[in-house]
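> Here is my input, please return the structure:
(one chain, ligands or ions: 1)
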Amino acid sequence: MNNPAHAVDTATIQSLDAAHHWHPFTDTKALNAEGSRVIVRAEGSRLWDSNGNEILDGMAGLWCVNVGYGRRELADAAARQMMALPYYNTFFKTTTVPATELAGKLAELTPEGLDYAFFANSGSEANDTIVRMVRQFWQLRGKTNKKTIISREYAYHGSTMIATSLGGMTAMHNQVDMPLPGFSHIRPPYYLRDGGNMTEDAFGIAAAQALEERIQELGADTIAAFIAEPIQGAGGVIIPPASYFPEIQRICRNHDILFIVDEVICGFGRTGNWFASETFDLRPDMMTLAKGLSSGYAPISAVMVGDRVAKTLIEDGGEFFHGFTYSGHPVACAVALENLRIIEQEALIERVRSDVGPYLQDSLRSLSDHPLVGEVRGVGLIAAVELVKDKDGPVFFDPLGRVGTICRDHCFANNLVMRAVRDTMVCSPPLVITRGEIDRLVTTLRTCLDRTLADL
Ligand code: PXG
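Residues are numbered from 1 along each chain as shown. Reported below is the predicted structural model:
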């Protein structure tokens, strides 16, 4: 294959990038001083940069390239759809074949009762859509004070003003006077940090009861919904104790509060089931989908709406004044459909559940003996290695995040992409990652842990 790296003048791209390209979630001054790495090609779980380096992508892009890079079937599906019908809207009594088929497919794949799909282009837009639907639902039910949505610290639900407010990232909040009114955050079920002497089960119940306490504090008649990622991804792969979600769901039912599950990271096979709602036995009223829906090949997201909310909004709501030019974009829907076909045909979810998932988890746990490693945790192909100053306690580093950044930079320099969240190294590779690539990931990470330790 022609290597496009040969056609790229790295210095030219870097200077153009520094002069004109404003990157998301980036300290632009710091990046421009260093110069960005130019990624030119990818295949399977590997990337190539413009200098010809081969890089193992332990993050599947940004937790999204589930079927791996270089899939001709997806390019062909996009090309076929572009030639047949590159664009048409779904606003004015029209639909398209891919949008309709994808809605039907998602209704079939998602847990029972989630029968309607509303399409958008990103996880953020899908979560904005959910906030509107939730508020309109309670208005139509005559409970006009039920407006506040409770979420959790360290939650990530996107980056629009509403999605940022839903999320629990204090750095994002503090920069621009957020959250907006109507959003409230409780502590996450972060056992390593907050578990103390409790058993995991007891801690899970206690963390869930923070929801009940907040509801009582604010008044159940003001609370519209609770939203959660099954596993908090960008928050550091925080995995709830088994007791947590049963208690959360009991509390939501008792106080008549909608339960929303954000499956943007956890969906489409990541935890060894189609959705982590199956892994954790969740019965959401609404569900957010994005990322793995198209494996990142096209921007698309969906809100799956459960029967209770859908019936009220459809029967009594009249026109829903919301939508995007590209809601149900036919090319994105065609790509998503083909992506789902690949996941099914290649039994990728089964592969995560019984082959590469357990293999990654076991292999990463071999790092537990490293002096920096306080905990290895994960499910399927999502995992975290949390670095601590002292395993006893544990004692966390102060300031948080410096050591994680050092380790992340070593990984990057050694051609392994992993994310550092505070001092937690996280990974979420493509579902097609091989055992050999997992060996490489774990061996490289151990080398980088050693180098990090040497730097301290
Ligand atoms: N929900 C969850 C659970 C997410 O992880 C979103 C919603 C928002 O999706 P969009 O498509 O609007 O980005 C996300 C996105 C990171 C990182 O560095 C994580 C995300 C996005 C960008 C970076 O971990 N998650």
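
> residues from the stretch 51-200 of the chain in reach of the ligand?
For the stretch 51-200 of the chain, the contact set with the ligand under Cβ under 6 Å from any ligand atom comprises 62, 122, 123, 124, 127, 156, 157, 158. Using the backbone N, CA and C atoms, a C-beta is placed for each residue, glycine as well.

> These, buried ones only, as a ChimeraX selection?
Here is the ChimeraX command that selects the buried residues among those (16 or more other Cβ atoms under 10 Å):
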select :122,123,124,127,156,157,158
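
> Restricted to helices, list the residues of the stretch 51-200 of the chain next to the ligand.
In this view, those that belong to helices under DSSP state H are 62, 123, 124, 127.

> got these as a markdown table, with pLDDT columns?
Shown next, in a markdown table, are those (pLDDT from 0 to 100):
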| residue | pLDDT |
| --- | --- |
| 62 | 98 |
| 123 | 98 |
| 124 | 98 |
| 127 | 98 |
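
> one step back: farthest-separated two in the residues of the stretch 51-200 of the chain next to the ligand?
62 and 127 (15.9 Å; Cβ to Cβ).

> I'd like the distance between the residue in the stretch 251-400 of the chain that the ligand sits nearest to and residue 428.
The nearest approach of the stretch 251-400 of the chain to the ligand comes at residue 264, 3.5 Å away (Cβ to the nearest ligand atom). Taking Cβ to Cβ, to the nearest Å as the measure, residue 264 and residue 428 are separated by 12 Å.

> Compare the two (neighbour count), which wins?
Counted by other Cβ atoms under 10 Å, residue 264 and residue 428 do not tie: residue 428 has more neighbours, with 31 against 28.

> do you know how far that one is from residue 310?
With Cβ to Cβ as the criterion, residue 428 and residue 310 are 31 Å apart.

> Residue 164 too?
27 Å.

> Apart from its chain neighbours, what residue comes closest to the residue nearest in space to the middle of the chain?
When Cα atoms, centre = their mean is applied to the chain, the residue found nearest the centroid is residue 265 (2.7 Å). Leaving aside its chain neighbours, residue 265 sits nearest to residue 233 (3.8 Å; criterion: Cβ to Cβ, 6 or more residues apart in numbering).

> Let me see the contact set for that neighbour.
63, 156, 264, 265, 266, 382, 426, 428 (Cβ atoms under 8 Å, 6 or more residues apart in numbering).

> All the helices of the stretch 51-200 of the chain, residue numbers only.
In the stretch 51-200 of the chain, the helices defined using DSSP state H, counting those that start in this stretch lie at 60-63, 72-84, 97-109, 123-140, 161-166, 170-175, 191-194, 200-218.

> For residue 12, which three-state class applies?
For residue 12, the assignment made with DSSP: H, G, I helix; E, B strand; the rest coil gives helix.

> For this protein, give the residue positioned nearest to the ligand.
The nearest approach of the chain to the ligand comes at residue 123, 2.3 Å away (Cβ to the nearest ligand atom).

> Run through the residues that contact that residue.
Per Cβ under 8 Å, 6+ apart, neighbours of residue 123: 157, 158, 163, 262, 264, 288, 290, 291, 301.

> same check, this time on residue 405
With contact set as Cβ under 8 Å, 6+ apart, residue 405 has these partners: residue 420.

> so it is in which element?
Per DSSP states H and E, residue 405 falls inside helix 402-413.

> buried set for that helix?
Under the neighbour-count criterion of 16+ other Cβ under 10 Å, helix 402-413 has 403, 404, 406, 407, 408, 410, 411 buried.

> Reformat the residues you listed as TSV; add distance to the ligand and pLDDT.
Output for those, formatted as TSV (distance: Cβ to the nearest ligand atom, whole Å; pLDDT from 0 to 100):
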residue	distance to the ligand	pLDDT
403	18	98
404	13	98
406	18	98
407	16	98
408	11	98
410	18	98
411	14	98
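
> the helices in the stretch 251-400 of the chain, which residues?
Going by DSSP H, counting those that start in this stretch, the stretch 251-400 of the chain shows helices at 276-279, 307-316, 330-345, 348-351, 357-365.

> Buried deepest among the ones you listed, which one?
Greatest average neighbour count among these goes to helix 330-345 (a mean of 23), per mean count of other Cβ atoms under 10 Å.

> Go ahead and name everything in contact with stretch 181-190.
If you take Cβ under 8 Å, 6+ apart as the criterion, stretch 181-190 is touched by 147-155, 165-166, 168, 179, 194, 203-204, 207-208, 210-211, 213-214, 218, 232, 235-236, 238, 240-241, 244.

> how about it: buried residues?
Judged by neighbour count (16+ other Cβ under 10 Å), stretch 181-190 contains these buried residues: 183, 184, 185, 186, 187, 188, 189, 190.
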